[in-house]
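Novice: Here is the input, now give the coordinates:
(2 chains, ligands or ions: 1)
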Amino acid sequence: MKEETGDETVLDVLERRGLTRRAFLQVCAAVTSALALSPAEAARITQVLASKPRPTVIYLSYQECTGCLESLTRSFSPGIASLIFNDISLAFNDTLQAAAGEAAEEAKDSAMKKAWGKYVLIVDGAVPLAENGAYCTVAGRSAVSDLRHAASGAAAVVAVGTCASFGGLPYAAPNPTGAVPVSEIVRDRPIINVSGCPPIAEVITGVIIYYTTFGLPALDRLHRPMSFYGNSIHDRCYRRPFYDRGMFAKTFDDEGARQGWCLYELGCKGPVTHNACPTMKWNGGTSYPIESGHPCLGCSEPDFWDKGGFYRPLSVPTGHWSRAGVMGAAAAAGVVAGLGAAVAARVRQDRTHKPDAGGDTNQKTPKS
Amino acid sequence: MSGASLLTFARGPAFEVALAMLIFGMVWRLVGILALRRSRDYSEGRKTAGWVSGLRVIFSRSWPQAEFRERVLHWDIVSYLFHLGYAVAILGYLPHILLIRNLTGLRWPGLPGGAIAFAAGIAAASLLALLGHRLTSPVLRKLSNFDDYFSWFIAFVPLITGLMAYYNIGDSYQMVLGLHILSGDILFAWLPFGKLMHVILFAFSRGKTGAVYGRRGAAI
Ligand code: SF4
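Specialist: Below you'll find the predicted structure:
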């Protein structure tokens, strides 16, 4: 783990390690292709990586499962090793680093001090606010005060994973710890949300490199980079022709499932989920959940745990209350109100028509 | 409100409230009408089985009488196009079928998306034409009240938002889908309380008229 912030560029680092300029150009090409940059941006990336000091990155983890970091360590292009050793100066990450306890805290403090105001803060996990933040503490300090302090010295914050971006699992009802996303705490720094449970490895590294090279990418309304989250899963899904033709798998092992038909009926949330799964795929481009036969869970969207169930189709009610209770109570109330209205009508008739006046001919006929 | 929270609201509490209002309103109106006092008939019926003509009239009134045919047939056709298009869009689209299955346990095969979009397009165009007719015909304008326009609006919005969702028109798909489902909720909730209740009452109204006049021997 590097501790010095330094003013080294990526080119400097490669040269110091005895690699040639050709190797440097190869790194640039890999980054360019991973980020799907335009030719103009590709030319700029070479220039920037050769001249701009590598940014210091501080990676903090709070209420999380480490799945995001697990994902990050499986990045193929640009790989995590290249990211850490060449492209950024990862000054602190409590899971990847060897140091622990007070030594680790000291390393973090000194790295932050050296690059104060300039480092990129990566946050993984939600932050609990209930009981003064007592549900998540690091080195005796609550996550919320730790994050506030770290964010105040950051140039920008990258919230990695749905927990950091939108609250994720800790935020799910009933949210006993009062968990909130990073954006609820950090309001005066640019925030890039890299959502997903976990996010695609190459999306995490891609966003970090893009930010450190070019600055803030174009973001959507949920502060996610448009280049990775601009399209819905459904827009790019290879099963889409089946959706359009009305051909749906009804169970996980029926003929439709075997033929690769659309998984909407099995609860697919692809139509309302923005992510790069169908194009970037997972595990070095091997496949993605829908390709493996499982509906999209919608993990890169806010509140995906609380949308009525992973296997409940999108058009079906979330089942807020007891269906039988609602229908029964409404029908019973309707019977009472209807009988009441009819009795009132009869009483009115009795008052206006004498019983011997030839019976009631004033009866209303329902409208057609 | 974000698109995601609107969608969750529309699929969650809003739907349940709408369903409760639909059931309450339908039961209230049906019980209220059926429990009214029946008129006493002092004359001897020309026909004893009035219900037969009642049943016949439910269907015979679905087509204009010969005397009016020339004047109204084209509007009847437009109205049919709307009703058929609407029915196909509602009952043929798998996401709707899944909702019905969730409520009733019934299901049937769906149609391709293109066929649904076509049917919904026809229904929307017909509805616009019918509104144009209502606004330009002096007689219809005089007969129309808030209920007519609101019922038109609340039938039109789910069609348009449904088409927008299908063709992915609009900034946020979640917002459009949320609006579509919410407009469906409002349609459900409003249905029993206005003229849209004709989806049920038309049969009672026609049946009653047919039975009464049939018993009296009127050709109907
Ligand atoms: S499997 Fe999901 S994302 Fe793919 S077409 Fe069907 S609904 Fe859309």
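
Novice: Could you use CA atoms for every contact and neighbour count after this?
Specialist: Fine.

Novice: Please verify my assumption that B:Leu135 contacts B:Arg141.
Specialist: Yes - between B:Leu135 and B:Arg141 there is a contact under Cα atoms under 8 Å: 5.8 Å.

Novice: For chain B, which segments count as helices?
Specialist: In chain B, the helices defined using DSSP state H lie at B:3-11, B:13-34, B:50-60, B:66-92, B:94-104, B:113-136, B:138-143, B:146-166, B:173-190, B:198-215.

Novice: Relative to the ligand, which of those is closest?
Specialist: Of all the helices of chain B, helix B:94-104 sits nearest to the ligand, with 10.3 Å by Cα to the nearest ligand atom.

Novice: The closest one - contacts with which helices or strands?
Specialist: When contacts are defined as 3 or more Cα pairs under 8 Å, 6 or more residues apart in numbering or on different chains; DSSP states H and E, helix B:94-104 packs onto helix B:66-92.

Novice: The helix it packs on and chain A, any residue contact?
Specialist: No - using Cα under 8 Å from any Cα of the partner chain, helix B:66-92 stays clear of chain A, coming no nearer than 9.6 Å.

Novice: all strands of chain A, in order?
Specialist: Secondary structure of chain A, counting by DSSP state E: strands at A:56-61, A:89-93, A:119-124, A:127-128, A:137-138, A:141-142, A:154-160, A:179-180, A:191-194.

Novice: Of these, which shows the lowest average pLDDT?
Specialist: The minimum mean pLDDT among these belongs to strand A:89-93 (a mean of 71).

Novice: in chain A, which helix or strand is least confident?
Specialist: helix A:80-82 (a mean of 62; mean pLDDT, DSSP states H and E).

Novice: ok, now which ones touch A:Ala164?
Specialist: Counting by Cα atoms under 8 Å, 6 or more residues apart in numbering or on different chains, A:Ala164 makes contact with A:Val123, A:Asp124, A:Gly125, A:Ala126, A:Val127, A:Val180, A:Pro181, A:Val182, A:Asn193, A:Ser195.

Novice: Now with 6 Å, please.
Specialist: A:Asp124, A:Gly125, A:Ala126, A:Pro181, A:Val182 (Cα atoms under 6 Å, 6 or more residues apart in numbering or on different chains).

Novice: Tell me how many other residues crowd the second one.
Specialist: Other residues within reach of A:Gly125, judged by other Cα atoms under 10 Å in any protein chain shown, total 31.

Novice: now do the first one
Specialist: When counting by other Cα under 10 Å, one arrives at 28 neighbours for A:Asp124.

Novice: Which residues of the stretch 201-350 of chain A lie near chain B?
Specialist: A:244-246, A:272, A:315-318, A:320, A:330-331, A:334-335, A:337-339, A:341-342 (Cα under 6 Å from any Cα of the partner chain).

Novice: for A:Cys277, what are its contacts?
Specialist: A:Tyr288 are the contacts of A:Cys277 under Cα under 6 Å, 6+ apart.

Novice: what separates it from A:Ser145, distance-wise?
Specialist: 35 Å (Cα to Cα, to the nearest Å).

Novice: One more: B:Gly105?
Specialist: From B:Gly105 to A:Ser145 the distance is 52 Å (Cα to Cα).

Novice: okay, those two: which has more neighbours?
Specialist: Using other Cα under 10 Å, the more surrounded residue of B:Gly105 and A:Ser145 is A:Ser145, with 16 against 9.

Novice: Check the gap between the more buried one and the ligand for me.
Specialist: 40 Å (Cα to the nearest ligand atom, to the nearest Å).

Novice: returning to what we had before: how about the contacts of A:Ala164, which pair is most distant?
Specialist: A:Asp124 and A:Pro181 (9.8 Å; Cα to Cα).

Novice: since we're on B:Met21, how many residues are nearby?
Specialist: By other Cα under 10 Å, the residues close to B:Met21 number 25.

Novice: A:Thr46 too?
Specialist: 21.

Novice: What residue, apart from its backbone neighbours, is nearest it spatially?
Specialist: Nearest non-adjacent residue to A:Thr46, counting by Cα to Cα, 6 or more residues apart in numbering or on different chains: A:Cys28, 5.8 Å away.
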